[in-house]
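Q: One predicted model, sequence on top.
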Amino acid sequence: MTTINKALTIAGSDSGGGAGIQADLKTFQELGVYGMSALTAVTAQNTLGVHGVYPLEPAAVAAQLDAVGADLPPDAVKTGMLFSSSIIGTVADKAREYGWRNLVIDPVMVAKGGSRLLLREAVDALVTRLLPLALVTTPNIPEAEMLTGLQITSLQEREIAAKTIVEMGSRYALIKGGHGARHEPMVDLLYDGRTFRYLESKRIDTRHTHGTGCTYSAALTAALARGFAVEDAMEMAKAFIQAAIEDELGFGEGHGPTNHFAYRRRMRSEARAR
Ligand SMILES: Nc1ncnc2c1ncn2[C@@H]1O[C@H](COP(=O)(O)OP(=O)(O)OP(=O)(O)O)[C@@H](O)[C@H]1O
Ligand SMILES: Cc1ncc(CO)c(N)n1
């Protein structure tokens, strides 16, 4: 019997397939991890934006988490769109109950077009209920500002925000650089409570960046499920998202999805060339 690690995503559905549950499951699969899901909401989305948000009852989220937790213990878990404080409370309770340790919190708040995927009232619950359970919290810059109440305009301020997130109880803070100023290098910052680690990459000039955050945190989760240390998981996630943005699919009239096939295809052609 081959050993395959399992990962669970707790997130919203994106009908367009580029973000949310769909991005997570595709990424898990591409990285050789068995994907499972608990839906928090259904969204009607395409590359032009969010056309509807339909949250599920917290009881429906709890039932999915129990079904997975009781029978299919995940090696790593990630959260994406959680929408409300009541869903956050449910997820926090279940994560504690089942002892999920490799927990990645992607604090999804607003879609790229501006639609809210997390109610304002829920930010506090995210900080007080869920962050203390996290192995890694992966905000982009505006999300890091919302979580900490700080303004972030420099790398030094990013470091202060990362420290604050670790003080809130997350073992690691990973502040993503996608929203930095265009002229700045694209750097993601990882902080473990002691050292700051920067991972710099080339900014790709494209409008097809729908779901970058989900895909990145899903790749991180998949690597953790396979037993990688956080630092190595971050590097694998970076290589995965870089390939997914570079080899664009060009779908849709608006902000298209990233290419979830790209990383594995590259790995395969590199292996063939060797
Ligand atoms: N244009 C780009 N070129 C290269 N890397 C990018 C680009 N945009 C984002 N990334 C990388 O993608 C990852 C996700 O970052 P980003 O800050 O875009 O997440 P996000 O804002 O949470 O995404 P989303 O809007 O999907 O929620 C990071 O590693 C970031 O450096
Ligand atoms: C369902 C869902 N989750 C997350 C995001 C953020 O990219 C999105 N657009 N949709």
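A: Everything's here; your move. Ligands and ions are numbered 1, 2, ... in the order given.

Q: now the helices for this structure?
A: Along the chain, counting by DSSP state H, helices occupy 20-30, 58-71, 85-98, 123-125, 141-148, 155-167, 212-225, 230-246, 262-273.

Q: Mean neighbour count, those: which tops it?
A: helix 212-225 (a mean of 29; mean count of other Cβ atoms under 10 Å). Any C-beta I mention is one placed from the backbone N, CA and C, and that applies to glycine too.

Q: Make a markdown table out of the helices of the chain and add distance to ligand 2 and mean pLDDT.
A: Output for those, formatted as a markdown table (distance: least, Cβ to the nearest ligand atom, whole Å; pLDDT from 0 to 100):
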| stretch | distance to ligand 2 | mean pLDDT |
| --- | --- | --- |
| helix 20-30 | 3 | 98 |
| helix 58-71 | 14 | 98 |
| helix 85-98 | 13 | 98 |
| helix 123-125 | 16 | 98 |
| helix 141-148 | 10 | 97 |
| helix 155-167 | 19 | 97 |
| helix 212-225 | 5 | 98 |
| helix 230-246 | 12 | 97 |
| helix 262-273 | 18 | 93 |
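
Q: Distance to residue 78 for these - can I get that in a markdown table?
A: Below are those laid out as a markdown table (distance: least, Cβ to Cβ, whole Å):
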| stretch | distance to residue 78 |
| --- | --- |
| helix 20-30 | 7 |
| helix 58-71 | 13 |
| helix 85-98 | 11 |
| helix 123-125 | 18 |
| helix 141-148 | 15 |
| helix 155-167 | 16 |
| helix 212-225 | 4 |
| helix 230-246 | 11 |
| helix 262-273 | 17 |
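
Q: which residues are there in the stretch 101-250 of the chain that come within reach of ligand 1?
A: Within the stretch 101-250 of the chain, the positions lying close to ligand 1 (Cβ under 6 Å from any ligand atom) are 108, 112, 140, 176-179, 186, 188, 201, 203-204, 209, 211-214, 216, 238, 241, 245.

Q: what pLDDT does residue 182 get?
A: Among the per-residue scores, residue 182 holds a pLDDT of 69.

Q: ok, how many other residues are close to residue 202?
A: When neighbours are defined as other Cβ atoms under 10 Å, residue 202 has 10 of them.

Q: For it, give me its contacts.
A: 186, 242 (Cβ atoms under 8 Å, 6 or more residues apart in numbering).

Q: Likewise for residue 144?
A: So residue 144 contacts 150, 152, 158, 161-162, 165, 173, 175 (Cβ under 8 Å, 6+ apart).

Q: burial count for the nearest residue to residue 112 once chain neighbours are set aside?
A: Distances taken as Cβ to Cβ, 6 or more residues apart in numbering put residue 255 closest to residue 112, at 5.7 Å, once the chain neighbours are dropped. By other Cβ under 10 Å, the residues close to residue 255 number 23.

Q: roughly how far apart are residue 255 and residue 219?
A: In this view, residue 255 and residue 219 are 19 Å apart by Cβ to Cβ, to the nearest Å.

Q: Next: residue 231.
A: 14 Å.

Q: got it, and residue 274?
A: 23 Å.

Q: what residues are up against residue 72?
A: Neighbours of residue 72 in contact, by Cβ under 8 Å, 6+ apart: 6, 36.

Q: Now do the phi/psi pair for it.
A: phi -130, psi 60 (degrees, to the nearest 10).

Q: Kindly list the longest strand within this structure.
A: When the chain is parsed with DSSP state E, its longest strand is strand 34-46.

Q: Tell me if it is near ligand 2.
A: Yes - using Cβ under 6 Å from any ligand atom, we find that strand 34-46 touches ligand 2 at residue 43.

Q: distance between that strand and the chain's centre?
A: On the basis of Cα atoms, centre = their mean, to the nearest Å, the separation between the geometric centre of strand 34-46 and that of its chain is 13 Å.

Q: same check, this time on stretch 263-274
A: With Cα atoms, centre = their mean as the basis, stretch 263-274 stands 25 Å off its chain's centre.

Q: contact partners of that stretch?
A: Outside stretch 263-274, the residues touching it (Cβ under 8 Å, 6+ apart) are 30-31, 219, 239-240, 243-244, 247.
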